[in-house]
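# Need coordinates for the below:
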Amino acid sequence: MSGEILLARDGDIATVTLSNPEKLNALGLGSWKRLGEVMRELDADKRLRCVVMRGAGDKAFAAGADISEFETTRRNAKTAKKYGAMIHGVCVGGGLEVISQCDLRICGASSRFGIPIKNLGLVVGYGEMRGLIALVGRAVALEILLEGRVFGAEEAKDKGLVNRVVPDDKVEEESLAAARRIADGAPLVARWHKKFARRLASPRPPTAAERDEAYACFDTEDFKTGVKAFLAKQKPEFKGK
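Take a look at the predicted model:
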């Protein structure tokens, strides 16, 4: 149901909530589709400077797909093909695949992680595996998938799955503070940094023109604003120009 994906906006920060707390925020087919729609909508909104994803309540970020739907949505290969961070508590299966697409992940100390889908006789597809390998590397990705173990927050941090582990009662506070720091920065710079990081994931070396793009920031109004505010010991108000 699309009601399992909630969207709230607070100025230049949007919060997307996976909301199915009775099933640890596991999502059905309609909700997975709606999640894609919402993220594309937010990506097109240039007024936004940060998007926070979270699970409803404090027991889980997401337990992945709603297995109770599998008899209809994934009963065979044909139907399965069509189917196709603020972290509290459980983050397993599809939930972990979702967070692998986020830039930063902050979790509570009692959070649990894993992709135990081997126990369902299922595989992770190429797209999902690409995101996981990009995040933690091939060896760790295969460890997570082949063992199917569910593990704790500190191990998740050691593996590179999360950036920061905080007390459970501080997850929301720390996540929103991080979102505010991101939103307060120069938005063009944030976009360039993300673009450069994606480009460097390719084995092909950057071209001369691509390297020159790193100097484009000097021609922006935000650069002038930042320098002026720094010299005046004031907080800059960036406009994204």
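# Please count neighbours and contacts with C-alpha atoms only from this point.
Fine.
# the domain parsing of this structure - what is it?
2-182, 186-231 (automatic domain parsing).
# Give the rounded mean pLDDT of the first one.
The reference is to domain 2-182. In this model, domain 2-182 carries a mean pLDDT of 84.
# Check the gap between the most centrally placed residue in the chain and residue 52 for me.
Residue closest to the mean C-alpha point of the chain, counted by Cα atoms, centre = their mean, is residue 102 at 2.0 Å. Between residue 102 and residue 52 the computed distance is 9 Å (Cα to Cα, to the nearest Å).
# Please identify every residue contacting each of these two.
residue 85 (Cα atoms under 8 Å, 6 or more residues apart in numbering).
# Name the SS class of residue 171, please.
At residue 171 the chain is in helix, as set by DSSP: H, G, I helix; E, B strand; the rest coil.
# Just give the closest residue to it, not the sequence neighbours.
The shortest distance from residue 171 to any non-neighbouring residue, by Cα to Cα, 6 or more residues apart in numbering, is to residue 108 (5.7 Å).
# Could I get the full set of strands for this structure?
5-10, 13-18, 50-55, 60-62, 86-87, 90-92, 106-108, 112-114, 151-152, 164-166 (DSSP state E).
# Show the secondary-structure elements that the fourth one is packed against.
In terms of contacts (3 or more Cα pairs under 8 Å, 6 or more residues apart in numbering; DSSP states H and E), strand 60-62 is packed against strand 50-55, strand 86-87, strand 90-92, helix 94-99.
# doesn't residue 85 make contact with the residue nearest to the centre of the chain?
Yes - contact status for residue 102 versus residue 85: in contact at 6.5 Å, counting by Cα atoms under 8 Å.
# Any idea how many residues pack against residue 228?
By the criterion of other Cα atoms under 10 Å, residue 228 has 14 neighbours.
# For it, give its distance to residue 201.
For residue 228 relative to residue 201 (Cα to Cα), the value is 34 Å.
# Quick check: residue 10 vs residue 240, distance?
As for residue 10, its distance to residue 240 is 18 Å (criterion: Cα to Cα).
# no no, residue 23
40 Å.
# quick one: average pLDDT of stretch 194-206?
92.
# Extract the CA atoms of it and return them as CSV.
C-alpha atoms of stretch 194-206 as CSV (Å, rounded to 0.1, in the frame of the first residue of the first chain):
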residue,chain,number,x,y,z
LYS,A,194,28.4,13.2,-5.1
LYS,A,195,28.9,13.4,-8.9
PHE,A,196,32.7,13.1,-8.5
ALA,A,197,32.3,10.1,-6.1
ARG,A,198,30.0,8.3,-8.6
ARG,A,199,32.4,9.0,-11.4
LEU,A,200,35.4,7.7,-9.5
ALA,A,201,33.7,4.4,-9.0
SER,A,202,34.5,3.8,-12.7
PRO,A,203,37.9,2.3,-13.5
ARG,A,204,38.1,4.8,-16.4
PRO,A,205,40.3,7.8,-15.4
PRO,A,206,38.6,11.2,-15.4
